[in-house]
Structures are given as structure tokens and as C-alpha cells.
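Engineer: Attaching a predicted model along with its sequence, questions to come.
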Amino acid sequence: MITVKNLAKKYGDHFVLRDVTAHISQGEVISIIGPSGTGKSTFLRCLNLLEEPSGGSIVVDGEDVLAHNFSRPKLRQKMGMVFQAFHLYAHLTVLGNLTIGPVKLLGKSQQEAESTAMELLRTVGLSEKAQSFPDELSGGQKQRVAIARCLAMNPEIILFDEPTSALDPTMVSEVLSVIRLLAKDGMTMAIVTHEMDFARSVSTRVFYMDEGVIYEQGSPEEIFENPQREKTRAFIHRIRSLKETITSQDFDLFALHSHIERFCAKYTVEQRTVHNILLVVEEMITHLLLPLTSGEPHISLTVEYAEKQGEFRLLFDYGGAANNPLVSTDPDCLSLRLIKGMSKSSNYSFVQGVNQISLTV
């Protein structure tokens with residue numbers, strides 16, 4: 001239904017989108033997630049030409065929408081859009097908001113437009129608000145009206161640009177319920193959202209966007225349960241990290257401890273966990289890794305905190321020949337026993353001349 005190839009969008013010299021390629025089939029629900037400022041909303045606005053792409057191609061139902069002679073009003077009738085700020089006409093009633101487009105743009109009679117509008121308002125649970133004005137509605141009700149207004153134009157595709165971001169948390173579920181209903185009915189949709197549980201449950205596929213590209217895509221299970229790329233994993237699990245490098249046999253252990261303690265304090269980590277992390281780091285570096293090094297060491301330590309799971313992961317990178325001290329050290333070694341006793345899991349790999357040990361604490 002929609003094929004995008006090498007899409008780019010820039011403002012001046014700054015690229016917001018660069019080389020975006022994607023395909024959306026009929027009936028798919030695509031959730032687009034990622035950090036703020038990575039081009040998610042711009043991607044949607046380029047699809048229906050609210051933003052003019054700087055390069056690439058967009059084909060909808062076999063038609064090149066960037067062709068000089070293509071009808072943009074025709075595209076926007078086929079591809080509706082729901083914004084985070086509602087954009088309702090304040091001087092019109094709810095019914096008036098739903099009928100103005102079908103009457104003026106689709107050539108429907110007022111009676112036909114009103115009949116369809118009332119059906120749609122019943123669908124979104126707002127038929128009793130038909131004669132109300134937007135200022136008389138809650139945020140959640142306004143967004144449901146905006147969705148019904150979009151549906152009144154009988155679109156084949158709906159783009160949602162963060163439809164719940166302007167809502168009070170108590171109103172989010174009523175809007176998401178309407179979108180779930182549309183998904184169940186087979187509507188093709190692309191949804192920019194920060195509602196991860198919603199994206200997981202309603203999507204056929206998920207696009208993770210970062211730095212102006214679709215950095216990773218896959219099924220909800222693939223993206224949320226087993227992301228393949230590091231930035232996706234960090235975003236999904238809300239991972240915060242601290243990086244330190246050890247370049248001397250006489251490194252300042254007290255300074256390292258202080259840095260880790262300050263990092264943990266940002267996330268109100270309980271003291272017992274902090275103590276375990278410090279102990280594992282000290283034993284790992286001073287008793288297992290430094291003895292492997294002749295001369296000046298180069299050990300990289302990354303402390304990762306996954307807020308969602310409340311877990312810490314310690315990553316130790318070091319050079320030299322392949323050597324895993326977790327198995328090559330005397331199993332009766334006190335340091336090894338302490339590390340294994342305080343770690344939930346451990347993993348060792350040797351890739352391109354770099355040893356890496358990962359410990360979950």
C-alpha cells in the first residue's frame with residue numbers, strides 16, 4: 001500500500017530524515033517508537049506531504065505521490081491524519097466538525113453527512129456530545145472526535161501523530177481503545193507513540209527510529225523481547241549507563257567507587273545493591289582482569305541500569321588473547337566465588353580481538 005525508498009528531509013544543512021526505506025501493507029498497524037527528535041513525526045508528515053521531502057520516493061497504491069501532476073487533496077482524502085493537538089474547529093459543534101469535510105470535499109448532502117457522523121460518534125462513544133462545542137469536551141473526548149472526523153472522510157490509511165501525548169493519563173485509555181477498535185476492523189495505520197504496552201499489543205510491526213532512520217524494525221515480539229541492536233535495547237529497557245576506563249595497574253579504586261555510587265544515587269538504588277556492584281567491580285578488576293595484563297592495561301567498564309527491570313549489567317571489555325577468567329581461574333578462588341555468588345547471570349565472548357564479560361547483578 002505504501003512504499004518509501006531513500007526518503008530524506010532536511011532543514012538547511014540539518015537532516016531530520018536520511019535514507020528512510022519502508023513498506024506498509026494494507027491492514028497493517030505500524031507503531032513508530034524512538035527518542036524525541038529522531039524524525040518520527042516528520043516521517044508521518046512527509047507521507048501525506050504536510051512536509052515536502054528533500055529526496056527519495058513515496059508510492060501509495062502504485063502512484064508516485066511526489067510526481068508533479070499528483071493530486072495532493074486526493075492523497076489527503078485517502079490518508080487521514082490525527083494530531084496530538086486535536087485541531088478541531090472551535091466555532092463548530094462536534095457534529096459540524098464531522099460534516100464539514102464530507103459536504104465540502106466529498107460532495108455529500110448534509111443529511112447523508114450527518115447520518116454518517118452520528119454513526120461514527122456512536123462508534124467512539126460520543127453521540128450524546130453531537131451538539132456540544134469543543135471547549136465543552138475533555139481532552140480525551142476531543143481526541144475521539146478528531147478520530148471520528150478523520151473517519152468521516154472514509155480514509156484508507158490513518159496516520160496518528162502521538163495521539164495521547166497531550167492528554168491527562170486518565171484519558172489515555174479511552175483514546176487507545178478507539179484505536180484498538182480500528183485495528184480490529186482492519187484499518188491500515190501508522191502510529192507515532194510513546195505508549196509501549198499499547199504498541200506491543202496492537203501492532204503488526206514496530207519501527208524503532210533513531211538519528212533520522214528506521215534503525216530497527218520487526219514484530220512486537222522481536223522489538224520488545226529480543227531487540228538486535230544496542231540503541232533499540234537501550235530505549236526499550238530504558239537503559240542508563242556509566243562508562244569508565246582503567247589504564248593503570250595503580251588506578252584510583254576510590255574514585256571509581258565514587259563515580260558508581262553517584263550514578264546509582266540518580267536512580268535511588270538501594271544501598272545493598274550498590275554494595276554488591278562495588279564489590280563485584282573491585283574483585284573483577286583487581287583480582288581477575290589486571291593479573292591477565294602485562295604492562296599498562298586497557299579495561300573498559302560499562303555499568304548499565306535497566307530501569308524497567310530494575311537490573312544492573314556490568315560489561316568488562318579487555319584486550320589480549322581469548323581468556324575467560326570466570327572459567328580459567330581456580331574455582332576455589334574467593335574473588336571468583338564472590339562474583340558468581342552475587343551475579344544472576346554471566347556471559348563471555350571474544351569478538352575481533354576483544355574479550356567481553358557481561359554480569360547481571
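Structural biologist: It's in. Numbering: from 1, shown residues only.
Engineer: Quick one: low-confidence residue ranges for this structure.
Structural biologist: Flagging of the chain using pLDDT under 70 yields an empty set of residue ranges.
Engineer: contacting residues around the residue nearest to Asp168 when sequence neighbours are not counted?
Structural biologist: Closest residue to Asp168 apart from its sequence neighbours, by CB to CB, 6 or more residues apart in numbering: Gly139 at 6.1 Å. Every residue, glycine included, has its C-beta placed from N, CA and C. Gly139 is in contact with Phe86, Ala166, Leu167, Asp168, Met171, counting by CB atoms under 8 Å, 6 or more residues apart in numbering.
Engineer: surely the last one meets Leu137?
Structural biologist: No: counting by CB atoms under 8 Å, no contact exists between Met171 and Leu137, whose distance comes to 10.6 Å.
Engineer: and which of the contacts of Gly139 is nearest Leu98?
Structural biologist: Phe86 (13.3 Å; CB to CB).
Engineer: Now the closest residue to Asn324 other than its chain neighbours, what are its backbone angles?
Structural biologist: Nearest residue to Asn324 in three dimensions, chain neighbours excluded: Tyr348, at 4.3 Å (CB to CB, 6+ apart). The phi/psi pair for Tyr348 (degrees, to the nearest 10) reads phi -120, psi 140.
Engineer: Beta-bridge partners for Tyr348, please?
Structural biologist: Ile357 (DSSP bridges).
Engineer: Neighbours of it, how many?
Structural biologist: 16 (other CB atoms under 10 Å).
Engineer: Now do the contacts for it.
Structural biologist: Asn324, Leu326, Val327, Asn355, Gln356, Ile357, Ser358.
Engineer: Looks like the first one contacts Ser349 (just checking).
Structural biologist: No: proximity of Asn324 to Ser349 does not meet the contact threshold set by CB under 8 Å, at 9.0 Å.
Engineer: State the next helix or strand along the chain beyond the helix or strand Phe235 falls within.
Structural biologist: Using DSSP states H and E, Phe235 sits within helix 230-236. Reading on from helix 230-236 to the C-terminus, the next helix or strand found by DSSP H and E is strand 239-246.
Engineer: What ranges does the stretch 251-361 of the chain have for its strands?
Structural biologist: Here the stretch 251-361 of the chain has its strands, by DSSP state E, counting those that start in this stretch, at 299-306, 311-318, 345-351, 354-360.
Engineer: would you list these in TSV and tack on distance to Cys46?
Structural biologist: TSV is the format used below for the strands of the stretch 251-361 of the chain (distance: least, CB to CB, whole Å):
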stretch	distance to Cys46
strand 299-306	33
strand 311-318	37
strand 345-351	38
strand 354-360	39
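Engineer: thinking again about what came up before, farthest pair within the contacts of Gly139?
Structural biologist: Phe86 and Asp168 (13.7 Å).
Engineer: Compare neighbour counts for the two and give me the winner.
Structural biologist: Taking other CB under 10 Å, Phe86 and Asp168 do not tie; Phe86 has more neighbours (22 against 10).
Engineer: these two touch, right, the more buried one and Ala146?
Structural biologist: Yes: assessed by CB under 8 Å, Phe86 is found in contact with Ala146 at 5.0 Å.
Engineer: Report the separation between Pro134 and His87.
Structural biologist: 10 Å (CB to CB, to the nearest Å).
Engineer: Neighbour count: the two, which is higher?
Structural biologist: Pro134 (20 against 13).
Engineer: List the contacts of the more buried one.
Structural biologist: With CB under 8 Å, 6+ apart, Pro134 has these contacts: Phe86, Leu88, Tyr89, Ala90, Val94, Asn97, Lys142, Val145.
Engineer: Repeat the analysis, applying 10 Å as the threshold.
Structural biologist: Taking CB atoms under 10 Å, 6 or more residues apart in numbering as the criterion, Pro134 is in contact with 86-94, 97, 141-142, 145-146.
Engineer: and the helix or strand where Pro73 lies, what does it pack onto?
Structural biologist: Using DSSP H and E, Pro73 sits within helix 72-78. Here helix 72-78 touches strand 55-60, strand 63-64, going by 3 or more CB pairs under 10 Å, 6 or more residues apart in numbering; DSSP states H and E.
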